[in-house]
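[1] Make a model of this:
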Amino acid sequence: MPRAREKKAESFRDKVRRRLSEETPGAPSHGDFQAALVYPSPYRVGMSSLGYQRIIRELREAKGLGCERAFLDDDAKPGEPSPLLVTYESQRPVKEFPVIAVSVAYELEIAGLLQVLDAAQVPCFRADRDERHPFVLGGGPLTFSNPTPLAPYCDAVVMGEGEVVVSEVMNLLASTPKREDRLAALAKHPHVWVPEHHGERLASLAQCDDTFLPAWGGMRALDTELTSMFLVETSRGCSRGCTYCVMRRSTNGGMRIVPDDVILGLIPAEAKRVGLVGAAVSDHPKIVSIVRTLVERGCEVGLSSLRPDKLKLEFVETLKSAGYRTLTTAMDGPSERVRKQLDRRAEIRHLTAAAENARAAKMDRMKLYLMLGLPGETMEDIDECARFTTELSKIVPVALGIAPFCPKKNTPLVDASFAGIDVVDDRLDRLRRGLKGRADVRSTSAKWAWVEAVLAKGGAAEGRAVHEAVQEGATFAAYRKAFAKVETKGAPRKLAVVA
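    All right, here's what the predicted structure looks like:
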């Protein structure tokens with residue numbers, strides 16, 4: 001190992017030891033059949049994922065099974081060597097485990113998957129792996145929309161709510177040593193997609209029984225996005241029908257409510273920071289009393305999703321007492337007309353009332369998330385957004401967080417097109433000019449939204465292109481070049497609009 005790389009690896013080991021010492025540990029891993037549970041983003045992101053923590057607990061509590069954790073290195077750079085990927089618990093190389101289980105949250109994390117496989121010294125492409133290599137099992141939120149770009153890399157993919165399937169799959173892998181037999185057996189499972197057998201024909205989404213709810217995180221970590229926060233699910237799914245959303249009410253049975261006494265009973269007395277997690281946390285019928293009870297315990301409370309029509313004064317004041325200084329909710333579309341087309345309930349009257357309640361509760365500001373580049377959107381919609389936000393800013397300081405619209409499979413807007421990088425940037429510039437000196441406007445990149453859009457509606461061919469892009473440094477130019485080479489039936493595949 002070159003001297004510089006050896007020094008980097010030593011620094012990594014020191015970091016792992018420090019992070020482990022700062023964790024509130026979960027259940028130990030005792031089983032004979034151990035998987036490397038790999039997160040394709042850095043530790044600070046992975047340990048903030050309730051889904052990741054849920055699978056850790058499931059595997060460690062299952063008889064005969066277990067898992068150790070590994071993450072994308074904090075300093076990893078696409079196309080450059082990284083230290084050998086080892087687990088946090090034993091510092092054992094990931095390549096020595098019989099199974100690498102990886103949770104992919106969204107399309108751009110596919111690059112992280114390739115980086116962790118490369119760092120593990122495991123062939124990225126499943127076609128290049130044999131009996132000597134770990135079995136690569138995929139899963140995660142991406143399976144609710146379009147996991148087909150994972151086809152070149154994952155031997156099998158657990159579809160949907162993995163906690164009800166993963167132990168069964170691991171037991172099958174443990175009892176079936178040969179790779180060919182494993183693939184054949186898993187291909188018969190209704191919720192496991194095996195690309196070698198199924199092509200791009202996906203398995204059905206697994207749905208856990210309500211007795212499995214809620215998910216909760218048994219581990220609290222200091223060096224994360226959600227520092228030392230105990231995470232617990234308040235509901236699964238959503239009752240709303242927003243046409244852009246993968247988790248809308250038609251997905252996996254809609255919204256399943258967890259009783260408030262169950263939620264509160266799971267939160268340890270010593271937990272001082274609590275994260276209430278779900279696609280529509282503020283829609284829980286007992287959410288105000290849940291937060292109030294936690295405040296009375298002395299907890300700081302964070303909620304993952306607040307809907308403007310639910311932000312009554314009592315709720316907002318309770319949030320303030322829970323530690324909120326900024327009231328964060330979603331505008332979604334730039335105008336009332338666009339929001340109605342999205343089947344979104346965020347009306348002007350709700351947003352205005354939320355701003356007034358934020359002021360009454362003496363919050364510092366209000367932050368609104370919205371999308372630009374939506375189907376049918378015009379500059380008139382952008383101008384309406386600037387006018388309305390200006391009026392809100394007279395009530396309470398306002399900040400806008402903007403993301404370009406990215407059409408997803410498994411939603412009513414799957415056939416919509418990406419608006420185009422130049423189009424999104426032009427509308428963003430117009431909005432910024434209209435709000436200069438009145439509101440803070442920040443946006444994610446339109447270029448990377450285009451990359452996400454290509455993968456969101458792509459397949460195995462686009463997935464293979466990610467490998468080429470990562471080898472070239474995973475820059476936007478590298479992705480654009482790699483996607484341009486994608487062919488279907490001998491002709492270039494029509495891509496989402498670039499400009």
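
[2] Skip the chain neighbours and tell me the closest residue to residue 286.
    residue 260 (4.0 Å; CB to CB, 6 or more residues apart in numbering). Where you see a C-beta, it was placed from the backbone N, CA and C, and this is true even at glycine.

[3] What of residue 351?
    Using CB to CB, 6+ apart, the nearest residue to residue 351 is residue 308, at 5.2 Å.

[4] Residue 241 versus the one you found, what's the distance?
    16 Å (CB to CB, to the nearest Å).

[5] quick one, which of the two is more surrounded?
    Neighbour tally, residue 308 and residue 241, criterion other CB atoms under 10 Å: the higher count belongs to residue 308, 25 against 15.

[6] Give me the pLDDT value at the more buried one.
    Listed pLDDT for residue 308 reads 95.

[7] and what of residue 228?
    pLDDT at residue 228 comes out at 89.

[8] residues near it, how many?
    16.

[9] Pass me the low-pLDDT residue ranges in the stretch 101-250 of the chain, would you?
    The model of the stretch 101-250 of the chain has pLDDT under 70 over residues 250.

[10] Please enumerate the helices of it.
    110-119, 166-175, 179-186, 195-198 (DSSP state H, counting those that start in this stretch).

[11] next one: the stretch 251-400 of the chain
    Going by DSSP H, counting those that start in this stretch, the stretch 251-400 of the chain shows helices at 260-266, 287-296, 313-321, 336-341, 348-360, 379-393.

[12] Can you list the buried residues in the first one?
    Of the residues in helix 260-266, those scored as buried under the neighbour-count criterion (16 or more other CB atoms under 10 Å) are 260, 263, 264, 266.

[13] just the CA coordinates of it, formatted as CSV?
    Backbone C-alpha positions of helix 260-266 (Å, rounded to 0.1, in the frame of the first residue of the first chain) are rendered in CSV as follows:
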residue,chain,number,x,y,z
ASP,A,260,-49.6,7.4,20.2
ASP,A,261,-49.0,5.2,23.3
VAL,A,262,-46.9,2.8,21.3
ILE,A,263,-44.8,5.6,19.9
LEU,A,264,-44.2,7.2,23.4
GLY,A,265,-43.6,3.8,25.0
LEU,A,266,-40.7,3.1,22.7
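
[14] and it, how far out from the chain's middle?
    Per CA atoms, centre = their mean, to the nearest Å, the displacement of helix 260-266 from the mean C-alpha position of its chain is 25 Å.

[15] other SSEs contacting that helix?
    helix 287-296 (3 or more CB pairs under 8 Å, 6 or more residues apart in numbering; DSSP states H and E).

[16] So which elements touch the helix it packs on?
    helix 260-266, strand 273-277, strand 300-303, helix 313-321.

[17] give me that answer again for 6 Å
    helix 313-321 (3 or more CB pairs under 6 Å, 6 or more residues apart in numbering; DSSP states H and E).

[18] thinking again about what came up before, check contacts around the residue nearest to residue 351.
    Contacts for residue 308 (CB atoms under 6 Å, 6 or more residues apart in numbering) come out as 329, 346, 350, 351, 354.

[19] Rank these by pLDDT and give me only the lowest.
    Lowest confidence among the contacts of residue 308: residue 346, with 86.

[20] Excluding residues flanking it in the chain, which one is nearest that residue?
    residue 308 is the one closest to residue 346 (CB to CB, 6+ apart), at 4.9 Å.

[21] check contacts around residue 326.
    Contacts of residue 326 (CB under 6 Å, 6+ apart): 364, 365, 367.

[22] ok, now how distant is the last one from residue 261?
    What that stands for is residue 367. 32 Å.

[23] Find the centremost residue of the protein, please.
    residue 105 (3.8 Å; CA atoms, centre = their mean).

[24] Tell me how many other residues crowd the closest residue in space to it that isn't next to it in sequence.
    Spatially, and ignoring its direct neighbours in sequence, residue 105 is nearest to residue 141 (4.9 Å; CB to CB, 6+ apart). Per other CB under 10 Å, the neighbour tally for residue 141 reads 18.

[25] Relative to residue 406, how far out is residue 141?
    Taken as CB to CB, the span from residue 141 to residue 406 is 14 Å.

[26] Next, residue 131: phi, psi?
    Residue 131 has phi and psi values of phi -60, psi -20 when expressed as degrees, to the nearest 10.

[27] Next, the contact list for it, please.
    residue 179.

[28] separation between it and residue 177?
    Residue 131 is 8 Å from residue 177, by CB to CB.

[29] what touches both of these two?
    Common neighbours of residue 131 and residue 177 (CB under 6 Å, 6+ apart) do not exist.

[30] Which of the helices of the stretch 101-250 of the chain sits closest to residue 391?
    helix 110-119 (41.3 Å; CB to CB).

[31] Can you name the residues in contact with the closest one?
    Contacts for helix 110-119 (CB under 6 Å, 6+ apart): 38, 40-41, 72, 76, 82, 85, 102, 124, 149, 466-467, 470, 474.

[32] Dump the residues you listed into JSON lines; add distance to residue 56 as well.
    Formatted as JSON lines, the contacts of helix 110-119 follow (distance: CB to CB, whole Å):
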{"residue": "38", "distance to residue 56": "12"}
{"residue": "40", "distance to residue 56": "15"}
{"residue": "41", "distance to residue 56": "15"}
{"residue": "72", "distance to residue 56": "17"}
{"residue": "76", "distance to residue 56": "22"}
{"residue": "82", "distance to residue 56": "23"}
{"residue": "85", "distance to residue 56": "17"}
{"residue": "102", "distance to residue 56": "13"}
{"residue": "124", "distance to residue 56": "24"}
{"residue": "149", "distance to residue 56": "25"}
{"residue": "466", "distance to residue 56": "26"}
{"residue": "467", "distance to residue 56": "28"}
{"residue": "470", "distance to residue 56": "27"}
{"residue": "474", "distance to residue 56": "28"}
